[in-house]
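J.: quick one, what's the 3D model for this:
(one chain, ligands or ions: 1)
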Amino acid sequence: MDIVIVGLFLAFFTIEVLVEFVLNELNIRHVQKNSTVRKVPDFFQGKISDAEYDQSVRYTLTKARFQRWSGIYSRIIVLLVLFGGTLPFLDQLAATSLQQQGFAQVHGVVFCIAVAIVFSLATLPVDLYSTFGIETQFGFNKTTLGLYFSDKLKGFILGLLIGAPFLFVVLWLMEATGQYWWLWAFAFITVFQLLMIVILPSFIAPWFNKFEPLGEGDLGDRILALAKQIGFETSGIFSMDGSKRSAHSNAYFTGIGKAKRIVLFDTLIEQMTIDQGLAVLAHEMGHYKMQHIRRMLVMQMLFIFIGLYILSLLLNYEPLFAAVGLQPSNHAGLVLFSLLSGPFTFYLGPLMNLLSRTHEYEADHFAAITLRSGKPMEEALINLTLKNLSNLTPHPWYSGYHYSHPTPAERIGAIRKLMV
Ligand SMILES: [Zn+2]
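T.: Below you'll find the predicted structure:
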């Protein structure tokens, strides 16, 4: 029976690896082909210099060629952890180091943390090379090694402070609430998720970045007017010192209820005109108006609900544990499920991206209508694309699969269509 489980997993695993590898190769070829004939999308004609275009092609190809190997590397790590005896070893280690004291759940939490540490250590070289190799080479990286490792340490402390109690409660519910534990766990995770959305922007993010209310200076009056027009509280608009880590620029909307906020990176504010900056703000307010966070949350909760139900069925299925040499237990089931389900659920990624892209179109439309012109949004998009050296010509299958935002050309096309 073990052999069936392992075989099924490996078959789906191979499909996933192949799909992602082929998409990356298609994208590389597509970018190369376009760059030899110097074919940039119409909207970018005359807006981008030869040097800028060449640099964006080099940046895209450098990242894609690295992805070729880092993708395979990370897959080998998963296989090694699953079938190389790592899991039984860590489970044993957690058991002996605790010597039967206190709750069984503590053993489970220690095991989960140990698995997480193994994966973080294994991906560290890839992450270090992306940041200090590629990002430095193209002038984006502003992080020092000191800041980099202090970020990692903070992340680890947060994992312990928030992740460990969270896991403890989930494991305890699995133990204590009987057959319908998964409904209890779902209720708990939902409450936890909502709590995190509220505390993340105002209590956790400030540990990593400085946030300053935006609304003074030249921009101030116009932001105030825009926020009033839309009905967004100005106390929720911030600039963030993204420049201390990277020259990449961005903006986002997060939170629900009173905890909602719009964050513009200082790098973005610096490189944009006031009109473009306002267009970005209007776009983010569009996400708020259309309740996009809520919609994404509902989707996520639906996946978690189904996932927990499937886990509840698998927990009683011993061959699953035997296949990787683990003793059946709730914590082993939890970790196994998260590792094994990847190749079966990777189809959900593109689906979520599709939903996210429809949200981006809606927010763009909202910005264009609010400002009574699509021009500032278009210019902001072109500006963002150039400054971030984004890929001007991704392969349509690649962007369809991986992109959470439509390509700039698609977005500008949609804005023009709307505003005619
Ligand atoms: Zn957006």
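
J.: and the pLDDT for residue 395?
T.: Residue 395 carries a pLDDT score of 97 in this model.

J.: what about it, neighbour count?
T.: Counted with other CB atoms under 10 Å, the neighbours of residue 395 add up to 20. No exception for glycine: its C-beta is placed from N, CA and C like everyone else's.

J.: and if you look at residue 375?
T.: Residues contacting residue 375 under the criterion other CB under 10 Å number 15.

J.: do you know how far it is from residue 43?
T.: Here the criterion is CB to CB, to the nearest Å. By it, residue 375 lies 12 Å from residue 43.

J.: what does the stretch 251-400 of the chain put close to the ion?
T.: Residues of the stretch 251-400 of the chain lying close to the ion (CB under 5 Å from the ion) are 360, 363.

J.: please pull out the lowest mean pLDDT helix or strand from this protein.
T.: Every helix and strand in the chain was compared by mean pLDDT, DSSP states H and E; the lowest is helix 217-230, with a mean of 83.

J.: which other residues reach the helix or strand just after it?
T.: For helix 217-230, the succeeding helix or strand toward the C-terminus, using DSSP states H and E, is strand 237-240. Residues outside strand 237-240 that contact it (CB atoms under 8 Å, 6 or more residues apart in numbering): 209-215, 223, 227, 261-266, 269, 281.

J.: partner strands of strand 237-240 and their direction?
T.: Strand pairing for strand 237-240, determined by DSSP bridges: strand 211-213 (antiparallel), strand 261-265 (parallel).

J.: what residue ranges in the chain score low on pLDDT?
T.: 1, 99-102, 215-218 (pLDDT under 70).

J.: quick check, the residue in the stretch 101-250 of the chain closest to the ion?
T.: Closest residue of the stretch 101-250 of the chain to the ion, CB to the ion: residue 250 (9.9 Å).

J.: tell me who's in contact with that residue.
T.: 242, 265, 267-268.

J.: what's the closest of these to the ion?
T.: The closest of the contacts of residue 250, once distances to the ion are taken by CB to the ion, is residue 268, at 12.6 Å.

J.: helices of the stretch 1-150 of the chain, start to end?
T.: Secondary structure of the stretch 1-150 of the chain by DSSP state H, counting those that start in this stretch: the helices cover 2-36, 50-83, 86-98, 104-128, 136-137, 145-158.

J.: name the residues of the fourth one that are buried.
T.: It refers to helix 104-128. Within helix 104-128, the residues that count as buried by 16 or more other CB atoms under 10 Å are 105, 107-115, 118, 122, 126.

J.: stretch 141-156 too?
T.: Taking 16+ other CB under 10 Å as the criterion, stretch 141-156 shows 141-143, 148 as buried.

J.: give me the subset of these touching the ion.
T.: Among these, the ion is touched by none when using CB under 5 Å from the ion.

J.: which pair of these spans the longest distance?
T.: Distance extremes for these: the farthest pair is 142 and 148 at 10.8 Å, using CB to CB.

J.: excluding its backbone neighbours, what's nearest the one residue in the stretch 1-150 of the chain that gets nearest to the ion?
T.: Proximity of the stretch 1-150 of the chain to the ion (CB to the ion) peaks at residue 43, 18.3 Å away. Distance criterion CB to CB, 6 or more residues apart in numbering; nearest residue to residue 43, sequence neighbours excluded, is residue 412 at 4.6 Å.

J.: what helix or strand is the one you found on?
T.: helix 408-419.

J.: mind saving the C-alpha coords of that helix as PDB?
T.: Output of helix 408-419 as PDB, limited to C-alpha atoms (Å, rounded to 0.1, in the frame of the first residue of the first chain):
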ATOM      1  CA  PRO A 408       1.200  46.500 -17.600                       C
ATOM      2  CA  ALA A 409       0.200  46.300 -21.300                       C
ATOM      3  CA  GLU A 410      -2.900  44.400 -20.400                       C
ATOM      4  CA  ARG A 411      -3.800  46.900 -17.700                       C
ATOM      5  CA  ILE A 412      -3.300  49.900 -19.900                       C
ATOM      6  CA  GLY A 413      -5.200  48.200 -22.700                       C
ATOM      7  CA  ALA A 414      -8.200  47.700 -20.300                       C
ATOM      8  CA  ILE A 415      -8.000  51.300 -19.000                       C
ATOM      9  CA  ARG A 416      -8.100  52.700 -22.600                       C
ATOM     10  CA  LYS A 417     -11.000  50.500 -23.500                       C
ATOM     11  CA  LEU A 418     -13.000  51.700 -20.500                       C
ATOM     12  CA  MET A 419     -12.200  55.400 -20.900                       C
END
